[in-house]
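1. Turn this into a structure:
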Amino acid sequence: MSKEYLGDPTVGKRYLVTLDMYVYAENDHMARVAAHDLAENCNNNEEVYNTQILEISEQPFGSMKCRTLEDISNPVENNSTELPF
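-> Numbering: from 1, shown residues only. Next up is the predicted model:
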């Protein structure tokens with residue numbers, strides 16, 4: 001893509017792209033971390049804006065059922081307090 005289209009809404013058309021991907025993680029917290037890292041990496045691209053995480057679900061391999069996480073917020077790293085577990 002030529003540089004004149006990058007970041008200029010008056011020059012090019014705007015498209016909504018929906019992605020669906022699997023992230024492997026040890027637990028819910030790490031899945032949230034991985035998802036938000038991916039979203040941040042997308043937003044660092046000159047051609048991508050306003051990346052949002054709409055849902056995070058756990059779906060075991062080979063299963064049709066999934067468990068949707070209630071909290072999909074970006075986990076904040078805070079080393080000054082002890083974690084509750």
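2. all helices of the protein, in order?
-> Shown for the chain, the helices assigned by DSSP state H span residues 28-43.
3. how about low-confidence regions in it?
-> Applying pLDDT under 70 to the chain flags the ranges 1-9, 11, 78-85.
4. what about the strands in it?
-> Secondary structure of the chain (DSSP state E): strands at 57-58, 67-68.
5. tell me what the first one is packed against?
-> With contacts taken as 3 or more Cβ pairs under 8 Å, 6 or more residues apart in numbering; DSSP states H and E, strand 57-58 sits against strand 67-68. Yep, even glycine has a C-beta here, placed from its N, CA and C like the rest.
6. try the last one
-> In this structure, strand 67-68 packs against strand 57-58, with contacts taken as 3+ Cβ pairs under 8 Å, 6+ apart.
7. just to revisit the earlier point, could you identify which of the strands of the chain is most buried?
-> strand 57-58 (a mean of 12; mean count of other Cβ atoms under 10 Å).
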